[in-house]
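A.B. asks: my questions concern the predicted model and sequence given below.
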Amino acid sequence: MGEVLCLPTMNASNDPLHGITLETIVTELVSQYGWEELASRIDVRCFTHDPSIKSSLTFLRKTPWARKKVEDLFLRSRR
């Protein structure tokens, strides 16, 4: 009879953002940089014109390219 190959299962995600909500990401970036600096780093209207956590979340959830920039900045800021 042949040998059975058992592969290890991955319980933990390799995604460094696993378990971190978008709201947490935006809140921490605003806390670290402030709206003005955040807007200079990522030029999107939700950071430049009457910014708020709520409006930013609405925009970022609908705009994958902007969300990616925010997530990348968050990861760089944690290093």
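C.D. replies: Arrived safely.
A.B. asks: just checking, Pro51 touches Ala39?
C.D. replies: Yes: counting by CB atoms under 8 Å, Ala39 is a contact partner of Pro51 at 7.2 Å. For the C-beta atoms, the positions are set from N, CA and C on the backbone; glycine is no exception.
A.B. asks: what's near enough to touch the most centrally placed residue in the chain?
C.D. replies: Nearest residue to the geometric centre of the chain (CA atoms, centre = their mean): Glu71, 2.8 Å. Going by CB atoms under 8 Å, 6 or more residues apart in numbering, Glu71 touches Leu17, Ile25.
A.B. asks: could you check which helix or strand contains it?
C.D. replies: helix 64-77 (DSSP states H and E).
A.B. asks: same deal with Leu57?
C.D. replies: For Leu57, the element it lies in under DSSP H and E is helix 53-62.
A.B. asks: relative to helix 64-77, how tilted is that helix?
C.D. replies: Taking axes from the mean of the first three to the mean of the last three CA atoms, to 10 degrees, helix 53-62 and helix 64-77 form an angle of 110 degrees between their directions.
A.B. asks: just checking, what packs against helix 53-62?
C.D. replies: When contacts are defined as 3 or more CB pairs under 8 Å, 6 or more residues apart in numbering; DSSP states H and E, helix 53-62 packs onto helix 22-41, helix 45-48, helix 64-77.
A.B. asks: which of these sits closest to Pro16?
C.D. replies: Evaluated over those, closeness to Pro16 peaks at helix 64-77, with 5.9 Å, by CB to CB.
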